[in-house]
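Student: quick one, fold the following:
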Amino acid sequence: MALRRGAAFVLTLLIIAVIVSLVGLLLLYALLGGEPSISPGTTLIVRLSGELDEGSPNDLFGGLLPVQRTASVRVVSEALHRARSDSRIGAVLVVPTGLTSPFWAKLQEVRDAIVDFRRSGKPAYGFLEYGGQSEYFVASACDRVFLLPTSSLDLTGLASYELFLRGSLDKLGAYPDMVHVGDYKSATNQLTETTFTPAHREMAESLNTDLFGQLLRAVADGRRKPERDIQALVDDGPFLPEDALRTGLVDDLAYQDEAVAKLKAASHTSHEIELDDYARAGESMFGLGPRFALVYATGAITSGRSGYDPLSGPTVGSESLVQYLRDIRDDSSIRGVILRIDSPGGSAIASDVVWRELTLLRDATPKRPLVVSMSDLAASGGYYIAMAAPTIVAEPGTLTGSIGIYGGKVALGGTYGKLGATVEEVSRGRFAAMNSPVRPYTAEERAKLEEQLQAFYEQFVEKAARARHLTPERLDEVAQGRVWTGRQARDLKLVDELGGLDRAVTIAKKQAGVDAAAKVQLVVYPRRRSLYDLIAGQLSSGSELSRLAAIGGLVPGNRTAAALSRTALFQRGEPLALMPGMFLR
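Tutor: Numbers count the residues shown, from 1 in each chain. Predicted coordinates for the structure are as follows:
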């Protein structure tokens, strides 16, 4: 009886908690759901923070608490493009704070949208509470840049950091037995090496040099100074606020209310509206015209359904993506397809499954344009699926290429031994224990793995060469697992144009015979998920290792933790088309 009363009490508490949560969500919707009005003479406040999202969050916490997430790069860019021709918006204040992404493509896309807004003749001011390099990169696109009087300007150049775990694995008695195809396919180096190999270092230096040049050119354009002068200033950074003002890197030292007051005076505006409110107010730049599908492929590519890993973030499930593509193929109202990729790659097999479905969509009747828009990352398996599209658009700072493959395992027999544990094997079949978790490959097993990986690499190269209208020999020269920036990839013919999502939409419209000035309706995949889907997906996604690590306090975005758990997303022995983990800041 007591047990029954206790269970009833717990159930009652759960019901009350659910009711309170629903009431809270309804109140939140009531507060945020109405469309705000916009008065003439309004300044749009664009706040940027954290890592810019690609689309709606797929994780439980992001889905339940959207007000705590930064706006997606599409929302920011669309709002700025719309504000350019919106007579009610007289000026824009950009407030980048705490930008944490180590990558540059999304920041470039937002920066380009600011430059586009300025073509309207309306002023755009940037305010820096903290003058970090990423924040300054974005703000330097504005007419004037304000820096907090007590903040330094940390414009110092680019440094990249890569984690090598071989020494740690040796201490644990774990042996990384890995095979890779491609001289520059360095993803395995994180486990097998204690430092850079010559090819790995060459690639890292090439990426760093090209991205540094992009930073210098952007700041030089924004500040209207020669590039050589900006480089000299960077070599002198970081700067005290007074020095940043003296050198012309910023225009004024002020607090935010002072910057807003000066912007209002210059633009003759008297009202303000936040980006979130503006995004909900009035007509979007995308209307109810011709329908174009916008398909997001965000995260590591895996077999099965898309989900969310607590350490690595969102995953692109081949099963989910294939279903979206089949739905689009069967929808005759869709005039074109834009595939937006932000992925380091993943399972080679899952990537091939998605590639196949994209080719079927591309070649289906009636013919519809398929355009790829690359975000921060579209490398290895991310490039594999991209090459199905006849037209590929990337930002200059996109990391792409990495046409290569690897496989292997970490043999943990020594680790178990250090713990006093043993693992005994019973098997039938010559290669049944090939992927044994406790011992390295035998010579025969390694030869079998090398044969499989080499065959897949050759298919990868042949498909890429055919897609990019190059000979396999020429494609192989720029493949070899090497990562390129978008700018380098354009010069090597791995991508076609430089630009963001809006450029990809423009190209798709033109190829579909839609007038460039016409508004289009973007049908977004994946659809926004229900509360039930979010909870079910959160509880079922990710490995046991990832869930235990999350419980232990490792949070999403922790790159060291993500590096340690990344392989847990895939099957043991599965061939991977995955770019190396790198820390670019």
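Student: what's the spacing between the closest residue to Ile341 other than its chain neighbours and Ser206?
Tutor: Excluding the flanking residues, the one nearest Ile341 by CB to CB, 6 or more residues apart in numbering is Ala378, at 4.2 Å. Placement of C-beta: from N, CA and C, glycine included. Taking CB to CB, to the nearest Å as the measure, Ala378 falls 18 Å from Ser206.
Student: and those two? Which one has more around it.
Tutor: More crowded of Ala378 and Ser206, by other CB atoms under 10 Å: Ala378, with 35 against 16.
Student: thought the more buried one was touching Leu339?
Tutor: No: the criterion here is CB atoms under 8 Å, and Ala378 misses it with Leu339 at 9.6 Å.
Student: which neighbours do these two have in common?
Tutor: Residues touching both Ala378 and Leu339 (CB atoms under 8 Å, 6 or more residues apart in numbering): 372, 386.
Student: distance of the closest residue to Val234 other than its chain neighbours from Ser140?
Tutor: Spatial nearest neighbour of Val234, chain neighbours left out: Gly157 (5.2 Å); criterion: CB to CB, 6+ apart. Distance, Gly157 to Ser140, by CB to CB: 15 Å.
Student: okay, those two: which has more neighbours?
Tutor: More crowded of Gly157 and Ser140, by other CB under 10 Å: Ser140, with 23 against 13.
Student: just the pLDDT at that one, thanks.
Tutor: On the pLDDT scale, Ser140 is placed at 98.
Student: now do the strands in the stretch 301-450 of the chain.
Tutor: Assigned by DSSP state E, counting those that start in this stretch, the strands in the stretch 301-450 of the chain fall at 307-309, 313-317, 334-343, 345-347, 370-379, 391-394, 399-401, 405-411.
Student: partners of the third one, with directions?
Tutor: If I follow you right, that is strand 334-343. Here strand 334-343 has these sheet partners by DSSP bridges: strand 291-298 (parallel), strand 370-379 (parallel).
Student: just so I know, which of those strands lies nearest Ala265?
Tutor: Of all the strands paired with strand 334-343, it is strand 370-379 that lies closest to Ala265, at 37.4 Å by CB to CB.
Student: alpha carbons only: can I get that closest one in CSV?
Tutor: Provided in CSV are the C-alpha atoms of strand 370-379 (Å, rounded to 0.1, in the frame of the first residue of the first chain):
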residue,chain,number,x,y,z
LEU,A,370,20.8,21.1,-57.9
VAL,A,371,23.2,23.6,-56.3
VAL,A,372,25.4,23.0,-53.3
SER,A,373,26.2,25.8,-50.8
MET,A,374,29.2,25.0,-48.6
SER,A,375,29.3,26.5,-45.1
ASP,A,376,32.2,26.2,-42.7
LEU,A,377,33.0,22.6,-43.6
ALA,A,378,32.2,20.4,-46.6
ALA,A,379,35.2,18.1,-46.5
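Student: now for Leu153: which residues touch it?
Tutor: Applying CB under 8 Å, 6+ apart, we find Leu153 in contact with 128, 131, 136, 147, 237-239, 241, 243-244, 249-250.
Student: quick one, phi/psi of it?
Tutor: The phi and psi values for Leu153, taken as degrees, to the nearest 10, are phi -110, psi 110.
Student: show me what it is bridged to.
Tutor: Using DSSP bridges, the bridge partners assigned to Leu153 are Gly131, Phe239.
Student: now the strands paired with strand 334-343 as CSV including mean pLDDT and distance to Arg88?
Tutor: Output for the strands paired with strand 334-343, formatted as CSV (pLDDT from 0 to 100; distance: least, CB to CB, whole Å):
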stretch, mean pLDDT, distance to Arg88
strand 291-298, 96, 27
strand 370-379, 97, 29
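Student: can I get those in TSV with distance to Tyr278?
Tutor: Below are these laid out as TSV (distance: least, CB to CB, whole Å):
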stretch	distance to Tyr278
strand 291-298	21
strand 370-379	23
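Student: from those strands, which stretch is densest packed?
Tutor: Highest mean neighbour count among these (mean count of other CB atoms under 10 Å): strand 370-379, with a mean of 29.
Student: quick one: what helix or strand has the residue nearest to Val234 in it?
Tutor: Using DSSP states H and E, Gly157 sits in no helix or strand.
Student: before we move on, what about Thr43?
Tutor: Counting by DSSP H and E, Thr43 is found in strand 42-50.
Student: over to Ser37?
Tutor: With DSSP H and E as criterion, Ser37 is part of no helix or strand.
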